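S.K.: Got a sequence here, can you build the structure:
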Amino acid sequence: MEAAVVLTPYRTWPAGETKADLVERMTQALDRLPGFEIAFSQPIIDSVLDKVFDPHSALAVKVFGDDFNELRRIGNGIVAAANGVPGVSDTAIDQYTPLPQIAIKVDRAATARYGINIADVANLISTGIGGAAVSHLFLGDRHYDITVRFPAADRGSPEAIKSLVLTSSDGALIPLSQVADVRLQTGESMINREMNHRYLLVKLDYRDRDPLSVVADLSQAIEQKVAFDRSKYRIEWGGQLEGQQRAETRFRLIIGLAIATMMVLLYAEFGALRQVLLIIGVVPLATLGGLIALHLTGTTLNVASGVGFIALFGVAVMNGVIMVANLNRLREEGLPLFEAVLAGAGERLRPVLMTASVATVGMLPAALATGVGSDVQRNLATVVAGGLIPATVLTLFIIPTFYFILERWAERRAPAAERAVGATEQS
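M.R.: Below is the predicted model of the structure:
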């Protein structure tokens, strides 16, 4: 059962309360209701997951095996282990409870003695209880199945089903109870399958933690607390984690391509590998600043913050290009190295500060937003605003210093190389 809860505008909420606080308070209140398993989700992601048949949870544990009783025991053990892992919440088995069922097991030896075919027993059950078609009705170009089955009171009573009669080979009427065992028992109401293998699904959510650390801790807890035959049963992780892992794989590829493209373009512009590496050196420090900003704001590293890192790298590298290009220009004009570094760094102080401050201030409203739909933009803006601060410091002070060191090393190395070439030519 699903219930949509419409939230009032954030400005009407108590001061300082977040959506996570609201979910926590609602969980504490609703967990007191007996017989309910409460979980919280968003309408849009709920609809998407309905279409792709995914569990409505951030994480899921699929337990594959054949014995339903053992699967349920393992599932209950995983739920108990997950409840002891910090940050895990809303843990439950995503499986309907067993329902009463009428089981009919045919005694083949008895049917052979009476000369009754197994197909006769199957037809009696499928027609009288299941309502199989016995004929067709044609009306013009349309046709309809004609079904016959017993009254509902007889279909649901094991005693009534036992009294159904079959015709033996000599024409005698034989009650179904003579050739089959009819009993009332409980059975699974839903059977999940994946690649033709049965599995039981345990769904769970996490808060204030990243999914990889949750999976690592829960895997260790399952290994220590849940015993089962690993040759017959296996565990796989699913849920939204699968999509996140695919996105992270693509993201790592995109990051590598972006940095490689930057290096190619920078080398085409400056023609010196040392200056290319000097400019690219702003990327690690900018990354550190973005990670510190995420940590201070309690935000986990996700795809949205990853996109923010790409934007951060672009702004940081652009500031590095502005600084190094100006230093090269002054040196080409004939200034000594030390004077060129002092003058060039001073000239680019205001442009670099302006570029960084505009980007930082422009991202602050998104980084501080708490309205509907602000989760994605807040992560992205936090990375950019937090990472530009150390990246700007690096551009203004560290890059000129290392530029002076590298260029002086290059100048000293050049005469030595020329002397070595001259000596080779003379010999």
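
S.K.: Longest strand in this protein, please.
M.R.: When the chain is parsed with DSSP state E, its longest strand is strand 197-206.

S.K.: Adjacent strands (with direction) for that one?
M.R.: Strand pairing for strand 197-206, using DSSP bridges, gives strand 59-64 (antiparallel), strand 88-93 (antiparallel), strand 192-194 (antiparallel).

S.K.: and that strand, average pLDDT?
M.R.: Here strand 197-206 scores 86 as its mean pLDDT.

S.K.: which of the residues in it are buried?
M.R.: Under the neighbour-count criterion of 16 or more other C-beta atoms under 10 Å, strand 197-206 has 198, 199, 200, 201, 202, 203, 204, 205, 206 buried. To be clear about C-beta, it is placed using only N, CA and C from the backbone, and glycine gets the same treatment.

S.K.: got the CA coordinates for that strand in PDB?
M.R.: Once non-C-alpha atoms are left out, strand 197-206 reads as follows in PDB (Å, rounded to 0.1, in the frame of the first residue of the first chain):
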ATOM      1  CA  HIS A 197      16.500 -18.700 -10.500                       C
ATOM      2  CA  ARG A 198      14.400 -18.100  -7.400                       C
ATOM      3  CA  TYR A 199      15.400 -15.400  -5.000                       C
ATOM      4  CA  LEU A 200      14.200 -13.600  -1.900                       C
ATOM      5  CA  LEU A 201      14.600  -9.900  -1.700                       C
ATOM      6  CA  VAL A 202      15.700  -7.900   1.300                       C
ATOM      7  CA  LYS A 203      15.400  -4.200   0.800                       C
ATOM      8  CA  LEU A 204      17.000  -1.400   3.000                       C
ATOM      9  CA  ASP A 205      17.800   2.200   2.900                       C
ATOM     10  CA  TYR A 206      20.800   4.200   4.300                       C
END
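
S.K.: Distance from the chain centre to the next helix or strand after that strand, please.
M.R.: The element immediately downstream of strand 197-206 (helix or strand, assigned by DSSP states H and E) is helix 211-225. A distance of 16 Å separates the centroid of the chain from that of helix 211-225, by C-alpha atoms, centre = their mean, to the nearest Å.

S.K.: by contact count, what packs against helix 211-225?
M.R.: Judged by 3 or more C-beta pairs under 8 Å, 6 or more residues apart in numbering; DSSP states H and E, helix 211-225 is in contact with strand 59-64, helix 68-82, helix 240-270.

S.K.: Out of those, which one sits most buried?
M.R.: Most buried of these by mean neighbour count (mean count of other C-beta atoms under 10 Å) is strand 59-64; its value is a mean of 23.
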